[in-house]
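[1] what follows is a predicted structure for the sequence shown.
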Amino acid sequence: DGGITQSPKYLFRKEGQNVTLSCEQNLNHDAMYWYRQDPGQGLRLIYYSQIVNDFQKGDIAEGYSVSREKKESFPLTVTSAQKNPTAFYLCASSPGQGLNEKLFFGSGTQLSVL
Amino acid sequence: GQQVMQIPQYQHVQEGEDFTTYCNSSTTLSNIQWYKQRPGGHPVFLIQLVKSGEVKKQKRLTFQFGEAKKNSSLHITATQTTDVGTYFCAHNTNAGKSTFGDGTTLTVKP
């Protein structure tokens, strides 16, 4: 069953704690993305990766970090420097990195601060 | 980067009524994509428009791309309760980035 798997579905973070959100895809897609969604708002790009071992900052990268050691995996770490981390986090992938690529999304992770 | 503005933010309709959401940009767009996110779900790709004046239909949904490629619309005829959700427009750049509008949330009263 092909697709994008995000885990966990719900995650709670304590003050000063780093947490890592998992994203795995078996679609053999080259590009992967992380978006943040706040209530009533659109999706804002955090980081994206067009190829293994390479990634670029999106529009709101501060307080986040990523790695792309394998084609299938693109984990996102929310660091303690992110002061307002409560949000719905969506991972996505696309077949290539050019124009007119459509995105395939995972089911998301809801992160809350304790 | 290029931004896309979407209106209205919310739309409440009676089942059977029509619904339209609009997406506007101050600059020319190379393409426009539309996604639907059901309540509690994730965005799902609906369609992509790339040509000036392009019109595409999917059953009761009609998508248009403006002649100047600066605006787009999604029109739903005779809404059903299954149409509820948030509809996003997005622009995909040649750097592989997609910029999303803030979405229009549709509620349908049976």
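    Structure's in. What do you need?
[2] neighbours of residue 104, how many?
    Using chain A here. Other residues near A:Phe104 come to 22 when the count uses other Cβ atoms under 10 Å in any protein chain shown. Where C-beta positions appear, they are placed from N, C-alpha and C, glycine not excepted.
[3] try chain B instead
    B:Thr104 - counted by other Cβ under 10 Å - has 22 other residues nearby.
[4] and what of A:His29?
    With other Cβ under 10 Å as criterion, A:His29 counts 19.
[5] what's near enough to touch it?
    A:His29 sits next to A:Ser93, A:Ser94, A:Pro95, A:Gly96, A:Phe104 when contact means Cβ atoms under 8 Å, 6 or more residues apart in numbering or on different chains.
[6] chain B: strands as residue ranges?
    Assigned by DSSP state E, chain B shows strands spanning B:5-7, B:10-14, B:19-24, B:32-37, B:43-49, B:55-58, B:61-65, B:71-76, B:85-92, B:98-100, B:104-109.
[7] not counting sequence-adjacent ones, nearest residue to the residue of chain B positioned farthest from its centre?
    The outermost residue of chain B relative to its centre, with distances by Cα atoms, centre = their mean, is B:Pro110 at 22.6 Å. Spatial nearest neighbour of B:Pro110, chain neighbours left out: B:Glu15 (5.2 Å); criterion: Cβ to Cβ, 6 or more residues apart in numbering or on different chains.
[8] surely the one you found meets B:Lys109?
    Yes: contact criterion Cβ atoms under 8 Å: B:Glu15 and B:Lys109 qualify, at 6.4 Å.
[9] distance-wise, check the residue nearest the centre of chain A relative to chain B.
    Residue closest to the average C-alpha location in chain A (Cα atoms, centre = their mean): A:Trp34, at 2.8 Å. Look at A:Trp34 and chain B: by Cβ to the nearest Cβ, to the nearest Å, they are 12 Å apart.
[10] who touches that residue in this structure?
    So A:Trp34 contacts A:21, A:23, A:45-48, A:58, A:64, A:66, A:74, A:76, A:89-92 (Cβ under 8 Å, 6+ apart).
[11] go on, B:Leu61?
    Residues in contact with B:Leu61, defined by Cβ under 8 Å, 6+ apart, are B:Leu46, B:Ile47, B:Leu74, B:His75, B:Ile76, B:Thr77.
[12] near chain B too, which of the contacts of A:His29?
    By Cβ under 8 Å from any Cβ of the partner chain, the members of the contacts of A:His29 lying near chain B are A:Ser94, A:Gly96, A:Phe104.
[13] could these be laid out in a markdown table, adding pLDDT and secondary structure?
    Below are the ones next to chain B among the contacts of A:His29 laid out as a markdown table (pLDDT from 0 to 100; DSSP: H, G, I helix; E, B strand; the rest coil):
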| residue | pLDDT | secondary structure |
| --- | --- | --- |
| A:Ser94 | 92 | strand |
| A:Gly96 | 80 | coil |
| A:Phe104 | 94 | strand |
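[14] JSON lines for those, including distance to B:Tyr35?
    What follows is those, written out as JSON lines (distance: Cβ to Cβ, whole Å):
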{"residue": "A:Ser94", "distance to B:Tyr35": "13"}
{"residue": "A:Gly96", "distance to B:Tyr35": "18"}
{"residue": "A:Phe104", "distance to B:Tyr35": "11"}
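[15] for chain B, what are the nearby residues on chain A?
    Residues of chain A that fall close to chain B, judged by Cβ under 8 Å from any Cβ: A:31, A:33, A:35, A:40-45, A:48, A:50, A:58-59, A:90, A:94, A:96-108.
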